[in-house]
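1. sequence? don't have it. structure:
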């Protein structure tokens, strides 16, 4: 009878292999944990941009349905110029009674020739909107600049140059379609 004299094979990990595996895992976890704060900041910024875009679209939709026809006190569309509105954390417009819940403040600027441009876009006088090839301002086009700030203070001053970095601006051209939707 022949006896096998080869030592039994070891079927486990050595202490050194286990230690190296734990060290590699620890280094990877520390690296991943370091990415979490930046990822959360990016997620928060993306959410804020989405809400600001919703506010801009809400304002722009209302402006596009507003009459350009002159009435008592001017045109309804001109009455929206300079209006300040407050919004909650979901981009829903608040009533005056709910202003304490405001997270965002928006200012509407509907510009025509000679209007004052907002400080957030450089200030100065607006040249109006000219169709390429025309020398005069178009009576059927208006530039709308919506300024939005994630500011809870109701007395926030959009005209203060110190706050320019807090303001996001959205620019849009609107056109008079010839239809009065107010009737």
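-> Arrived safely. Nothing here was measured: the structure is a model prediction, and the numbers come from that model.
2. can we go C-alpha only for contacts and neighbour counts from here?
-> Noted.
3. point to the helix or strand of this structure where mean pLDDT is at its lowest.
-> Using mean pLDDT, DSSP states H and E, the weakest-scoring helix or strand in the chain turns out to be helix 76-79, at a mean of 84.
4. low pLDDT regions in this protein?
-> Within the chain, the stretches with pLDDT under 70 are 1-10, 71-74, 178-183.
5. the strands in it, which residues?
-> 84-87, 104-111, 141-149, 167-175 (DSSP state E).
6. pipe those strands into CSV and attach mean neighbour count and distance to residue 129 per row.
-> Shown next, in CSV, are those (neighbours: other C-alpha atoms under 10 Å; distance: least, C-alpha to C-alpha, whole Å):
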stretch, mean neighbour count, distance to residue 129
strand 84-87, 22, 23
strand 104-111, 24, 9
strand 141-149, 22, 6
strand 167-175, 15, 9
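7. so which of those gets nearest residue 24?
-> Residue 24 sits nearest to strand 167-175 of all the strands of the chain, at 43.8 Å, using C-alpha to C-alpha.
8. got a list of contacts for the closest one?
-> 56, 64, 120-121, 140-150, 158 (C-alpha atoms under 8 Å, 6 or more residues apart in numbering).
9. tell me what the helix ranked longest in the chain is packed against?
-> The single longest helix within the chain, with elements called by DSSP state H, is helix 15-64. Here helix 15-64 touches strand 167-175, going by 3 or more C-alpha pairs under 8 Å, 6 or more residues apart in numbering; DSSP states H and E.
10. tell me which strands the strand it packs on pairs with, and in which orientation.
-> Sheet pairing here is set by DSSP bridges, and for strand 167-175 it gives strand 141-149 (antiparallel).
11. I'd like to check what contacts the partner strand. Which residues are they?
-> By C-alpha under 8 Å, 6+ apart, strand 141-149 touches 52, 56, 104-112, 120, 128-129, 158, 166-176.
12. switch to 7 Å and redo it
-> Residues outside strand 141-149 that contact it (C-alpha atoms under 7 Å, 6 or more residues apart in numbering): 52, 56, 104-112, 129, 166-176.
13. can you check stretch 35-55 too?
-> Under C-alpha under 7 Å, 6+ apart, the answer for stretch 35-55 is 90, 91, 148.
14. which positions within that stretch qualify as buried?
-> 48, 51, 52, 53, 55 (16 or more other C-alpha atoms under 10 Å).
15. so how far is it off the chain centroid?
-> Mean C-alpha position of stretch 35-55 versus that of the full chain (C-alpha atoms, centre = their mean, to the nearest Å) differs by 9 Å.
16. from here on, count from 3
-> Fine by me, first position is 3 from now on; the one you just mentioned is stretch 37-57.
17. can you name the two of the contacts of strand 169-177 that are farthest apart?
-> 142 and 152 (32.4 Å).
18. so between those two, which is more surrounded?
-> Shown here are residue 142 and residue 152; by other C-alpha atoms under 10 Å, residue 152 has more neighbours (19 against 14).
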